[in-house]
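Visitor: what's the 3D shape of this:
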Amino acid sequence: MKPGRTAVSVAVAAAAVLSLSTSAEARPSVGAYCVQDLTGGAEACFTTERALDAYQTQLSLSPLLTVFDSTGWHGGSGYLNFVSAYGRTYCDAAKDENEASEGDLGTRHFSNGLNVAGHISSYVLKAGSGCFVTFSDQTGFNGNSVTSNQNCDDMARCFGRYFNDRARSLAVT
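Guide: Residues are numbered from 1 along each chain as shown. Got it, this is the predicted structure:
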């Protein structure tokens with residue numbers, strides 16, 4: 001991996017994953033670079049960042065949201081990307097939870113293997129996407145929530161100490 005470059009772990013919609021015919025290099029295998037179907041389908045993992053990049057290129061994926069296990073957007077501590085369920089690089093005016101969302105972050109893992117639920121400390125929204133992210137402290141988009149259309153390098157600073165490492169579900173709209 002090149003210095004300063006963050007590896008990618010992407011969440012994609014089932015239709016995009018199922019309709020893809022992988023190239024020889026981007027054939028799913030066991031590895032640390034993974035693509036997760038947001039509807040709970042199979043996870044495809046790759047042993048190299050290059051193989052994952054090739055897979056993403058075939059799908060034309062661009063993450064709308066990247067969440068990090070640490071403050072300051074440090075990918076080395078763990079990260080997870082969310083892409084549009086519709087294959088878009090933007091969010092539309094409809095504020096539905098189907099753009100790029102996860103109702104139970106307990107089923108998801110950062111690139112370092114740590115469970116995402118209760119461990120998000122910073123995040124980045126795709127520039128110019130028009131997206132908002134809502135973090136909820138309970139699964140199913142329930143409980144207390146915060147919404148923003150700005151990047152945040154420290155959840156405690158952006159939303160108060162309560163929301164640092166508290167998100168159990170998130171919706172990108």
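Visitor: List the residue ranges of the protein that fall below the pLDDT cut-off.
Guide: Along the chain, segments meeting pLDDT under 70 span 1-30, 35-43, 56-61, 96-98.
Visitor: how about the strands in it?
Guide: Assigned strands in the chain, in chain order: 10-12, 33-37, 43-46, 63-68, 79-83, 100-102, 122-125, 133-136, 145-148, 169-172 (criterion: DSSP state E).
Visitor: what's the closest of the ones you listed to Thr89?
Guide: Comparison of the strands of the chain against Thr89 by CB to CB identifies strand 63-68 as nearest, at 7.5 Å. Every C-beta, even on glycine, is put in place using the N, C-alpha and C of the backbone.
Visitor: what's the angle between that closest one and strand 79-83?
Guide: Angle between the axes of strand 63-68 and strand 79-83 is 160 degrees (criterion: axes from the mean of the first three to the mean of the last three CA atoms, to 10 degrees).
Visitor: Adjacent strands (with direction) for strand 63-68?
Guide: strand 79-83 (antiparallel), strand 122-125 (antiparallel) (DSSP bridges).
Visitor: Residues contacting the shortest one, please?
Guide: When contacts are taken as CB atoms under 8 Å, 6 or more residues apart in numbering, the neighbours of strand 122-125 outside the stretch itself are 64-68, 70-74, 131-133, 149-155, 172.
Visitor: Please pick the buried ones from the residues you listed.
Guide: With neighbours counted by 16 or more other CB atoms under 10 Å, these contain buried members at 64-68, 70-71, 73, 131-133, 151-153, 155, 172.
Visitor: Could you identify the most distant pair in the residues you listed?
Guide: Among the buried ones among the contacts of strand 122-125, Ser70 and Phe132 lie farthest apart (CB to CB), at 22.9 Å.
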